[in-house]
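Student: I'd like to go over a predicted model; first the sequence, then the structure.
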Amino acid sequence: RDIQWRNRLVAPVWESRSDLAIILELAERLGFKDEYAKNTKEAWKGVPESMKGVKELPEETYASIIGEWNLGMRTIGMTGQTYERLKRQQEWGHAFDVKTKKASGGPVDGEQWGLPWPCWTDKHPGSHILYRTEVPVMEGGMGFRARWGTQAPDGDGLLAADGSVPPESSINGGYAELKDWKTDLSGKVFEDALAKGLAPYGNGRARFNSWNIPEDNVPRHREPLHSPRPDLIEKWPTYEDVKDHYRVPTLFKSLQKAEWAEKYPIILNTGRQVEFEGGGNSERNCWWLVELQPEMYAEINPKLANDHGIRHGDWMWIESPEDLDDKPSRVKVKAKVTKRVAPDAIYLPFHWGGMFDGKSLADKYPKGYVPYGIGESANTVTNYGYDRVTQMQETKGGLCRIKKA
């Protein structure tokens, strides 16, 4: 939750430009640059109509953008991290304690390093630890947000109990969100609240009984669609199928089959590589990063590899219950034999693309845009399931079976 200002180390070289210059040209090509940049300062006047060849923009331009999101992100307290304060913290970095992250003396006295949100005003120090009621609001203290109103449907109060408030609070107990705290651009609501020792978003209780969440008002465990434990499926089944969920029918329970654990006995995990991020589209177009991770692979335990006749560097097929034209979905990857994974599991990184069912899709890319590294996508064999409330997908785990290619 920290924000830090950093100076440029290397000027853009060759065809490279700053991200902001690229975004501005994109806005121009799409026809809304004037609207996109209408609230900025005089710094934009020096920017030519055609951004081609422009590598950098003035520092004042970035400062004006920070000021714009100071106005626009009030509900999460991103209001006190002004350009001037961030620059000052960089210059006075020596004043901050490396353990407490708090400054001692100078113009940054009492501030938290990075002005972590919520940082309500340009006088607020930032909140290093959330929801602390043992320190005043002006030192980063606060209760829980009064997000759900003042009363639950059963009549129980949702505001904090008497005495459950930060020191120096003018109200001894819970209180609702302050009027206009999300939309007041003048900052007066924030300033008045802090002067009275109050957090603008109120002081409420945490909820355990979530009456507005379908099926699981009290959170409960539900087995993933691809569960290695049929006995737990019976005890903790997934959701019932939904006919009209966000306008489309969504399958849950009908896709959760206990027999899959026998047909696909290996646990499938996916995760991140150090060198790549997300789908890897940018990183796999960088030769130096592809040199570090040149191929898509599966980490496999020596016992599991030996049981299937697979050796380090061999090609292997990974098949999952997710049917594709009535056949198991599958990916072809290199085997990386390691004890980092358990004998009943394999691991796939999720940063790859450009191959499908063992075949290259390089001919599908525009000329000159084939990444330096291509490989099978882990999502081909991850499962369909996701949480109904958060919409978080189950791509971190599943079931599979393997064989030597």
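Tutor: Looks like it came in fine.

Student: Tally up the residues packed near Gly398, please.
Tutor: By other CB atoms under 10 Å, 28 other residues sit near Gly398. The way it works is simple: take the backbone N, C-alpha and C, and place the C-beta from them, glycine included.

Student: what kind of secondary structure is it in?
Tutor: Following DSSP: H, G, I helix; E, B strand; the rest coil, Gly398 is assigned to strand.

Student: any idea how far Ile267 is from the nearest residue to it once chain neighbours are set aside?
Tutor: Residue nearest to Gly398 in three dimensions, not counting chain neighbours: His226, with 3.9 Å by CB to CB, 6 or more residues apart in numbering. For His226, the distance to Ile267 (CB to CB, to the nearest Å) stands at 9 Å.

Student: Thr395 is in contact with the residue nearest to Gly398, correct?
Tutor: No. His226 is not in contact with Thr395 according to CB atoms under 8 Å; the separation is 10.9 Å.

Student: joint contacts of the two?
Tutor: Counting by CB atoms under 8 Å, 6 or more residues apart in numbering, the common neighbours of His226 and Thr395 are Asn383.

Student: Which of those two has more residues huddled nearby?
Tutor: Taking other CB under 10 Å, His226 and Thr395 do not tie; His226 has more neighbours (26 against 17).

Student: The residue nearest to Gly398 is in what secondary structure piece?
Tutor: Using DSSP states H and E, His226 falls within no helix or strand.

Student: Let's see the pLDDT reported for the residue nearest to the spatial centre of the chain.
Tutor: In the chain, the centroid-proximal residue (CA atoms, centre = their mean) is Gly278; its distance is 10.6 Å. What the model reports as pLDDT for Gly278 is 86.

Student: got it, and Gly77?
Tutor: 87.

Student: i'd like the first residue to be 266 from this point on
Tutor: OK, 266 is where the count begins now, so the last one is Gly342.

Student: Can you report how many residues neighbour it?
Tutor: Counted with other CB under 10 Å, Gly342 comes out at 25.

Student: What of Lys604?
Tutor: 10.

Student: Can you list the residue ranges for strands in the stretch 466-615 of the chain?
Tutor: For the stretch 466-615 of the chain, applying DSSP state E, counting those that start in this stretch gives strands covering 507-510, 513-515, 531-536, 562-565, 580-589, 592-602, 610-614.

Student: Please name the residues that touch the residue of the chain most remote from its centre.
Tutor: Ranked by distance from the centre of the chain (CA atoms, centre = their mean), the top residue is Gly574, with 39.1 Å. Gly574 makes contact with Lys669, according to CB under 8 Å, 6+ apart.

Student: Pull up the gap between it and Ala441, please.
Tutor: Distance from Gly574 to Ala441, by CB to CB: 66 Å.

Student: what's the distance between the nearest residue to the residue nearest to the centre of the chain once chain neighbours are set aside and Leu554?
Tutor: Of all residues not flanking Gly543 in the chain, His616 sits nearest, at 6.9 Å (CB to CB, 6+ apart). Noted for His616: a distance of 10 Å to Leu554, by CB to CB.
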